[in-house]
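Visitor: the following comprises the amino acid sequence and a computationally predicted model.
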Amino acid sequence: MASGKRLSPNDPGSYSLPEKVAINHIDIELAADFKNKKLKGLVDLNFTKIDENCDHIILDNLDLNIISVINKDDGSSLEFTIGDSLKVFGSKIEIKLPFTKKGVIRITYETSKTASALQWLTPEQTLGKVYPYLFSQCQPAHARSMLPCQDTPSLKSTYTAKITAPKPLTVLMSAIPVEVTDNGETRTFFFQQTVPVQSYLIALAIGNLVSRTLSPISKIWSESEEIEKAAYEFKQIPELLKTAEQVCGPYVWKIYDLLVMPPSFPFGGMENPCLTFVTPTLLAGDRSLVNVVAHEIAHSWTGNLVTNCNFEHFWMNEGFTVYVERKIVGAMHGENLREFAALGGLEDLKQSVITLGADNPLTKLVVDLSGIDPDDAFSTCPYEKGHTFLFYLEKLFGTSEFEAFFKSYIDKFKYKSVGTEDFKSYLLSYFHENDVTSQIDWDLWLYTCGMPPIIPSYNKYYEDKCDSLLNRWEKWDGTDSPFNKSDLVEFQTAQTIQFLALLLKSNSFNLHKLKIMQEVYDFNSNGNCEILLRWLRICAKFKWSEQLELIFKFINSTGRMKYVRPLYRDLYSWEEVRTRAIENFEKNKMSLMYVCRHTVAKDLHLRDQ
Ligand SMILES: CC/C=C\C/C=C\C[C@@H](O)/C=C/C=C/C=C\[C@@H](O)CCCC(=O)O
Ligand SMILES: [Zn+2]
């Protein structure tokens, strides 16, 4: 963790000052060296001085080996210094600029073997077992370990890239693929991103990949072993895109491809433009987790087009995106299912507030991240508290009025980075301050810890069945089981998930009932990871030691933090198995991505900050 200071006035996590000199376009030229686990090459940074008197630019850097910095226009060297390095945030590179208002800086460099944005997999860690794999995850502040840049979401740049990789590997990026050239043993892939994007959206994946076409603008990518499963699971993408456009306006990114990542990918999905990355844990076989894809598609507007100006306003990316995700669900499957999803989110939020503590400042909608590693600040709060606020506003103004406002908000701020105040003042001017707007207690919503101040009364159409099944189990005296498999026959997957979420916090349960539940419903064999997560957490809560093998098997099968972190925390709280949990982590941690390793180490009290 860093020192407690803000690295710059507008972004606590970035040294850069794009308000003085801005990089508006980046050309990347890199070769992947799998043997040494390094990217090697150069970036050309096209700068424009906003403050014409400014004679230097500050870039973010994390563990990069900077080889040279030149003025591309005349080839002359540019003086530069590298500051002291902070953990997580790295150091600043200060480069003396030429006198011109605009210019191009060429930086030749290579990444470190331990670059936090990159995960290099050995062939054994892939499905095919023959070729290595590389992928990146730059959000929130890891792009600086992949390239020297102004690593703040307050700045957007277009980019091109030429990436060279050994044959037969395919390179994909968060951009439009333009062409591929054959160099003998290697191939070079050319990309173009013509919509300006923030640094955390620069993404790269290299592997032995194949694709299936879903529509003229959408392909699914994965290793060949799971491509059919993936194409089946995500077949609804064209429909999701069409529905999202109805909610948000025109899709500007031209293509929407999706790449199924290796298991160690730390998130459900990452909204890399033109190419969403998703965890293979979504491959449930029944399309039941497609809401994560709806979420990533929604980011094409909220997050990628209208962007939080720094991660203190992360709710403006994620709360808005959950709101759009559920509007898509509502448009496709009805309002009842939309509101049921909101109830599920509310349960996740309750768990998160319990884990963090109801007085934890990180449960506020707008947080202070001075000196705080944003990866450590990450939780469900910006997602679900943010969604609750927007749902509340929708009900306050009326659905069709708010829908029109929402579209106009996106149109007004597209291609820009915004803070919470921008949203607030636009809403107040759009609705003209009046009796309705005066009901909104902004400070309470934005700056108060814990659960949202108002919980909307979501309709209980789907929830009631979950409640009543749970009720039956809670009231049962434990003899002559009246339960059977058919209890769940009419349940949607989301209802089973919610049933288990409610059971997780029940105080009227015991291990005996849990064992009967396993006999009746056989959750142990369920292929849906959302079900398995909640079920195994319940087993840990009741210290069911025969389930430990399965818990470890699940933890070791994925690097998705949503699953791994709560289970490790549960095992840590279970004193008898704490040592075993730590040993398991130590043994397997190097196959996890940096962010997962780093945050689980904290969960297991293996690091202080
Ligand atoms: C108040 C929070 C402040 C800062 C956090 C900012 C970034 C956190 C960082 O850890 C990156 C997050 C990237 C998230 C990507 C995808 C998520 O939507 C996935 C959600 C969890 C999951 O489904 O696995
Ligand atoms: Zn998201």
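Guide: In hand now; what should we look at? Ligands and ions are numbered 1, 2, ... in the order given.
Visitor: and the residue of the stretch 451-600 of the chain that's closest to ligand 1?
Guide: Per CB to the nearest ligand atom, residue 562 is where the stretch 451-600 of the chain lies closest to ligand 1, at 3.6 Å. For every residue, glycine as well, the C-beta is placed using N, CA and C.
Visitor: the chain too?
Guide: Residue of the chain nearest ligand 1, by CB to the nearest ligand atom: residue 268 (2.5 Å).
Visitor: that older thread, quick one: residues contacting the closest residue to the residue of the stretch 451-600 of the chain closest to ligand 1 other than its chain neighbours.
Guide: Nearest non-adjacent residue to residue 562, counting by CB to CB, 6 or more residues apart in numbering: residue 268, 6.2 Å away. The neighbourhood of residue 268, defined by CB atoms under 8 Å, 6 or more residues apart in numbering, consists of 278, 279, 281, 282, 292, 295, 560, 562.
Visitor: inside helices: which ones of these?
Guide: Mapping these onto helices (DSSP state H) picks out 292, 295, 562.
Visitor: measure residue 561 to residue 533 for me?
Guide: Here the criterion is CB to CB, to the nearest Å. By it, residue 561 lies 11 Å from residue 533.
Visitor: any idea what the residue nearest the centre of the chain is bridged to?
Guide: The residue lying closest to the centre of the chain (CA atoms, centre = their mean) is residue 270, at 4.6 Å. Using DSSP bridges, the beta-bridge partners of residue 270 come out as residue 277.
Visitor: contacting residues around it?
Guide: Per CB under 8 Å, 6+ apart, neighbours of residue 270: 137, 139, 203, 276, 277, 278, 296.
Visitor: next one: residue 516
Guide: Residue 516 touches 478, 481, 483, counting by CB under 8 Å, 6+ apart.
Visitor: which one among those gets closest to ligand 2?
Guide: Taking CB to the ion as the measure, ligand 2 lies nearest residue 483 of the contacts of residue 516, at 36.9 Å.
Visitor: next, count neighbours for that closest one.
Guide: 17 (other CB atoms under 10 Å).
Visitor: wasn't it part of a helix?
Guide: No: counting by DSSP: H, G, I helix; E, B strand; the rest coil, residue 483 falls outside a helix, being coil.
Visitor: from residue 542, how far off is it?
Guide: Residue 483 is 17 Å from residue 542, by CB to CB.
Visitor: okay, the residue of the chain closest to ligand 1 and residue 444: tell me how far apart.
Guide: Counting by CB to CB - residue 268 and residue 444 are separated by 30 Å.
Visitor: before we move on, what about residue 110?
Guide: Separation of residue 110 from residue 444 (CB to CB): 50 Å.
Visitor: how about residue 412?
Guide: Residue 412 sits 25 Å away from residue 444, going by CB to CB.
Visitor: go on, residue 138?
Guide: Relative to residue 444, residue 138 is positioned 34 Å away (CB to CB).
Visitor: same check on residue 85?
Guide: Counting by CB to CB, the gap from residue 85 to residue 444 is 40 Å.
Visitor: can you check residue 318 too?
Guide: From residue 318 to residue 444 the distance is 20 Å (CB to CB).
Visitor: what do you get for residue 67?
Guide: To residue 444, residue 67 is 52 Å away according to CB to CB.
Visitor: pLDDT at the residue of the stretch 451-600 of the chain found nearest ligand 2, what is it?
Guide: For the stretch 451-600 of the chain, the residue closest to ligand 2 is residue 562, as judged by CB to the ion, at 11.8 Å. On pLDDT, residue 562 comes in at 98.
Visitor: what sits against it?
Guide: Here residue 562 is in contact with 267, 268, 533 (criterion: CB under 8 Å, 6+ apart).
Visitor: can I get those in a markdown table including secondary structure?
Guide: Output for the contacts of residue 562, formatted as a markdown table (three-state DSSP):
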| residue | secondary structure |
| --- | --- |
| 267 | coil |
| 268 | coil |
| 533 | helix |
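Visitor: of those residues, which ones also sit close to ligand 2?
Guide: Among the contacts of residue 562, no residue is within reach of ligand 2 (CB under 5 Å from the ion).
Visitor: now pLDDT too, for those, in TSV please.
Guide: Listed next are these as TSV, based on pLDDT from 0 to 100:
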residue	pLDDT
267	97
268	98
533	98
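Visitor: which stretch of helix or strand covers residue 94?
Guide: In the assignment (DSSP states H and E), residue 94 maps to strand 91-96.
Visitor: sort out which residues of that strand are buried, please.
Guide: Buried residues in strand 91-96, counted by 16 or more other CB atoms under 10 Å: 91, 92, 93, 95.
Visitor: biggest separation within those, which pair?
Guide: Maximum pairwise distance among the buried residues of strand 91-96 (CB to CB): 13.0 Å, between 91 and 95.
Visitor: so, low pLDDT: which residues of the chain?
Guide: Along the chain, segments meeting pLDDT under 70 span 1-3, 608-609.
Visitor: what parts of it come near ligand 2?
Guide: By CB under 5 Å from the ion, the residues of the chain that approach ligand 2 are 318, 321.
Visitor: what do you get if the cut-off is 6 Å, keeping everything else the same?
Guide: Residues of the chain found near ligand 2 (CB under 6 Å from the ion) are 295, 299, 318, 321.
Visitor: among those residues, which ones are in helices?
Guide: Among the residues of the chain next to ligand 2, the ones falling in helices (DSSP H) are 295, 318, 321.
Visitor: which residues in the stretch 401-550 of the chain form strands?
Guide: 416-418 (DSSP state E, counting those that start in this stretch).
Visitor: likewise the stretch 1-150 of the chain?
Guide: Secondary structure of the stretch 1-150 of the chain (DSSP E, counting those that start in this stretch): strands at 21-33, 38-49, 56-61, 65-71, 80-82, 91-96, 102-110, 118-121, 133-136.
Visitor: format those strands as CSV; extra columns: distance to residue 238.
Guide: Converted to CSV, the strands of the stretch 1-150 of the chain look like this (distance: least, CB to CB, whole Å):
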stretch, distance to residue 238
strand 21-33, 30
strand 38-49, 34
strand 56-61, 38
strand 65-71, 44
strand 80-82, 47
strand 91-96, 43
strand 102-110, 40
strand 118-121, 30
strand 133-136, 25
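Visitor: turn these into CSV, columns for distance to ligand 1.
Guide: Output for the strands of the stretch 1-150 of the chain, formatted as CSV (distance: least, CB to the nearest ligand atom, whole Å):
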stretch, distance to ligand 1
strand 21-33, 21
strand 38-49, 21
strand 56-61, 15
strand 65-71, 25
strand 80-82, 25
strand 91-96, 21
strand 102-110, 24
strand 118-121, 15
strand 133-136, 12
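Visitor: buried sites along stretch 498-518?
Guide: So, applying 16+ other CB under 10 Å, buried residues of stretch 498-518: 498, 499, 500, 501, 502, 503, 504, 509, 513, 514, 517, 518.
Visitor: pull the contacting residues for residue 224.
Guide: Contact analysis of residue 224 by CB under 8 Å, 6+ apart lists 128, 208, 210.
Visitor: okay, now the second one: neighbour count?
Guide: The criterion is other CB under 10 Å. On that basis, residue 208 has 19 neighbouring residues.
Visitor: also the last one?
Guide: Other residues within reach of residue 210 by the criterion other CB under 10 Å amount to 16.
Visitor: tell me which helix or strand it sits in.
Guide: In the assignment (DSSP H and E), residue 210 maps to strand 209-215.
Visitor: helices and strands around that strand, which ones?
Guide: For strand 209-215, the elements it packs on are strand 218-223, helix 227-233, helix 237-248, judged by 3 or more CB pairs under 8 Å, 6 or more residues apart in numbering; DSSP states H and E.
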